[in-house]
Structures are given as structure tokens and as C-alpha cells.
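give me the fold of what follows.
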Amino acid sequence: YMAMALLIAGACMLFMFCLERFEEGFSRIKMPGFLKPMLGGFLLALIAYFFPQLHGFSNYPTVNAVFEGQYLWYFIAALGILKMVATSLTLGSGGTGGVFAPCLFIGAMIGNTFGYGAHRLFPESTATAGSYALVGMGALMAGVTGAPLTSVILIFELSGKYSIVLPLMITCAISTILVQIVMKGSVFTRPLIKKGVFYGVRRNVLRRKRVREILRADFLSVSPQTRLRELLALLPNSKQYAYPVLGPDGGLVGIVSLQDFQAVVFEEEVADVVVVGDIMTREVLTVTPENTLEEALLKIGDENIEYLPVLEGGESRKVLGLVSRRDILSCYNREIREFVEAASPI
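Reported below is the predicted structural model:
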């Protein structure tokens, strides 16, 4: 069953890939929107003409016939693949439908095919092909929809067989995990991800990321005795526009920013008279490495500042680095871009 879980996971990815590719393919076809379902319906009719077992109302009789052994294994495998194509044609062209029944159908076909081969190779230690078909139904539904618990309960309710519960749970779990790792979502969440709509732990990057992950440890600092002329000399060669003011013990005693000295920056006669201690902000908002980026951004927004010193925490005033509004927004944009790219079709 663990081996079948790998096969089912691959089938899940193939099914999801087909759904996305067909949808993108039809979106590129230049024709009136109302004609696209007609084209999809025509192609679907051709498939149904040669393989009437794929017709919507024939799904469950076909599955029952598979359980009874009325079809050859290679025909069963072909039905599973063709069902992926037929469903993708329907949904991709703009037709109405879902993936619930197709998942059960495809899972039964692939599970039965695997079970047939396993039983032929190891007749004494494997179950019948029908048992593999039942487990395959649940595993494929779990992988595609990302709902393993629902799939386990559903298949158990349909079959009433206690003997398949353990292999069903194992197969559904493995299938779901593999699909989530590779596809980064289910058939329902991947379209949302690619549109920039996020969910779960990924939904809020700023709450998940910590200040320690983006703080700048290579910062410039000044002392309260630093003259204004010396401070101005730092600006041309630095992208930093706020400087922590450190006392004799190296602890933070204030911060001086461009807003603090812009009133006197053009008064040449005071450049050697004014010192940082005269113009610095003494009540400094700070964060620690364990604060979230959301907490840091809220502090920045509340006071309309650009930089926050990052302190060790506790009673210590030692400055570990700086975090800026730009750093936070860059981190956010980078995470969103990577997540969207990871959700692109394989």
C-alpha cells in the first residue's frame, strides 16, 4: 500500500497538472467565450463516443464493473487516464462540474490496476484488486483535495470494511504529504495562491517572520559628542538615514535621524558647534530579535519613522542591529514572490 501511495501521489499531480494546463490552454484560444464550452463539449463527446464508460452517469456502474472484474487491467488503466483528460476538458473549457466523482473514479481505476499487478506478483501476501481500488479512491481524493481525514471517513462509510482502515489511512496520508510538498497546495488552493490569495501559516508573512531574520548587523553609530559636521560626513557614503547614539558603555541612549537635523543642516556656522546629544531623540522605540515583523512595522507606522534599533532584550541596551521599513517590505515581497513561483505548474 505504501508503494501504491507513491503511484497515487503521481496520479494526483498529473491530474492537477492536466486541470491547470487545459484551463490555461483554453484561456489562450482566441474565440468568443461562449464558444469555448461548445468546443470542449465536442471534444468530450468524441471521447464519450468511443469510451461510454466515462460518461457522467456511467461512473458508478463502471466502478462496480471494475470491482467485479469485468474489464482487463490495461483497459482500466486507460479509463483512469482518459477520465483525467475528460474532466480537464470539461472544467478547462468553462463547463460546470467538480472533481469529487472524478477523483473516486480515477482512484478506483489506478488502484485496481496496481492491485492487479501486485496480486499477480505476490498472490499470497496481497489483497484483491478490489481492495486496492477502494484504497486508491480515498488516496487520490485525499491528494487532490488536500482532505485526507474526509477521504478516510468517506471510503470507510462507502465500503463498511474495517480491514481497509489502516492501509487507507497510511495511503491517504502519504499521498497528501507528497502532493503538498511538490504542488504546494490542493486543487482548490493552488488557483488562489497564484492569484496572491494565501491561507494557513503562509497567510501572514509578517506574523511568521522574526526581526532576527532581517536585521542589519553592519550599522553605523555615533556618540552624543559627535559633531554635526561629522554626522553629515557619514551621509554621502551610507544608505543609512538614522544612526543609533551609543553611550560610553556602548548602550543605546538615543537615535538621530535626518528629520532631527534637517532644520540646521544648512546652517554652516553651527556645524562645528551642535553635537548629536543636542538634537537626538532620547525616547527611542526599539524591538528585540524575537519580535515579529508585524510588531516592528506597527511601531514604525505609529510614529512614522524609518528605522528601529534591535536590542538584546531584557535590561540590556546593547544594539544588535537595525531594522527598517524598507527591509520589512522587501522581505514581505520576496516571500510572496517565492510562494507564487513555487505554486507554478511543475
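
where do the helices sit along the stretch 151-300 of the chain?
Here the stretch 151-300 of the chain has its helices, by DSSP state H, counting those that start in this stretch, at 165-183, 190-194, 205-208, 228-234, 258-261, 276-279, 293-303.

can you classify G98 as helix, strand or coil?
Following DSSP: H, G, I helix; E, B strand; the rest coil, G98 is assigned to coil.

which residues does stretch 68-77 contact?
Residues from elsewhere that reach stretch 68-77, judged by Cβ atoms under 8 Å, 6 or more residues apart in numbering: 65-66, 79, 109-110, 112-113, 116-117, 129. From N, CA and C alone the C-beta is placed, and that goes for glycine too.

list the buried residues in the lengthiest helix in the chain.
In the chain, assigned by DSSP state H, the helix with the most residues is helix 2-28. Using 16 or more other Cβ atoms under 10 Å as the burial criterion, the residues of helix 2-28 that qualify are 4-5, 7-16, 18-20, 22, 26.

so for that helix, mean pLDDT?
Across helix 2-28, pLDDT averages out at 92.

so what angle separates the directions of it and helix 165-183?
Here helix 2-28 runs at an angle of 40 degrees relative to helix 165-183 (axes from the mean of the first three to the mean of the last three Cα atoms, to 10 degrees).

state the next helix or strand along the chain beyond helix 2-28.
Next helix or strand after helix 2-28 toward the C-terminus (DSSP states H and E): helix 35-50.

so what does that next one touch, helix or strand wise?
If you count contacts as 3 or more Cβ pairs under 8 Å, 6 or more residues apart in numbering; DSSP states H and E, helix 35-50 packs onto helix 2-28, helix 73-92.

nearest to P148, of these?
Between P148 and these, the tightest spacing by Cβ to Cβ is seen for helix 2-28, at 11.1 Å.

who are the neighbours in contact with V256?
So V256 contacts 222, 231, 242-243, 245, 276, 279-281 (Cβ under 8 Å, 6+ apart).

so what's it bridging to?
As for beta bridges, V256 partners with Y243 under DSSP bridges.

residue ranges in the stretch 1-150 of the chain under the pLDDT threshold?
56-59 (pLDDT under 70).

kindly recompute the last result at 80.
Along the stretch 1-150 of the chain, the model assigns pLDDT under 80 to residues 55-60, 96, 119, 124-128.

and the stretch 201-346 of the chain, by the same measure?
Residues of the stretch 201-346 of the chain meeting the criterion pLDDT under 80: 201-205, 237, 258-272, 313-314, 336-346.

the strands in it, which residues?
242-246, 252-257, 307-313, 316-324 (DSSP state E, counting those that start in this stretch).

please dump those strands into TSV; it should also carry distance to F105 for every row.
Shown next, in TSV, are the strands of the stretch 201-346 of the chain (distance: least, Cβ to Cβ, whole Å):
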stretch	distance to F105
strand 242-246	63
strand 252-257	65
strand 307-313	56
strand 316-324	53
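
single out the most deeply packed of those.
strand 242-246 (a mean of 23; mean count of other Cβ atoms under 10 Å).

helices or strands next to the longest helix of the chain in the packing?
Counting by 3+ Cβ pairs under 8 Å, 6+ apart, helix 2-28 packs on helix 35-50, helix 73-92, helix 100-121, helix 129-145, helix 165-183.

sorry, back to before: for S175, which of the strands of the stretch 201-346 of the chain is the nearest?
Of all the strands of the stretch 201-346 of the chain, strand 316-324 comes closest under Cβ to Cβ, at 41.4 Å.

that closest one to strand 242-246, inter-axis angle?
Using the same axes, to 10 degrees: strand 316-324 against strand 242-246 is 170 degrees.

give me the helices and strands touching strand 316-324, please.
Contact here means 3+ Cβ pairs under 8 Å, 6+ apart; on that basis strand 316-324 packs against strand 242-246, strand 252-257, strand 307-313.

go again with 10 Å.
Counting contacts by 3 or more Cβ pairs under 10 Å, 6 or more residues apart in numbering; DSSP states H and E, strand 316-324 is packed against strand 242-246, strand 252-257, helix 293-303, strand 307-313.

one step back: tell me which two of the contacts of V256 sit farthest apart.
Greatest spatial distance among the contacts of V256 (Cβ to Cβ): L231 and T281, at 13.8 Å.

the more surrounded of the two?
Neighbours per residue (other Cβ atoms under 10 Å) separate L231 from T281, with L231 holding more: 21 against 16.

what about the more buried one, distance to E283?
Using Cβ to Cβ, to the nearest Å, L231 is found at 20 Å from E283.

rewinding a little: out of the helices of the stretch 151-300 of the chain, which is the most enclosed?
Mean neighbour counts for the helices of the stretch 151-300 of the chain (mean count of other Cβ under 10 Å) peak at helix 165-183, with a mean of 20.

go ahead and measure how far that helix is from the middle of the chain.
Its chain's average C-alpha position is 18 Å from that of helix 165-183, according to Cα atoms, centre = their mean, to the nearest Å.

same question, stretch 253-265
42 Å.

now, among the contacts of stretch 68-77, which is nearest to A86?
Distance to A86, by Cβ to Cβ, is smallest for L79 among these, at 9.8 Å.

what's the closest non-adjacent residue to that closest one?
M109 (5.0 Å; Cβ to Cβ, 6 or more residues apart in numbering).
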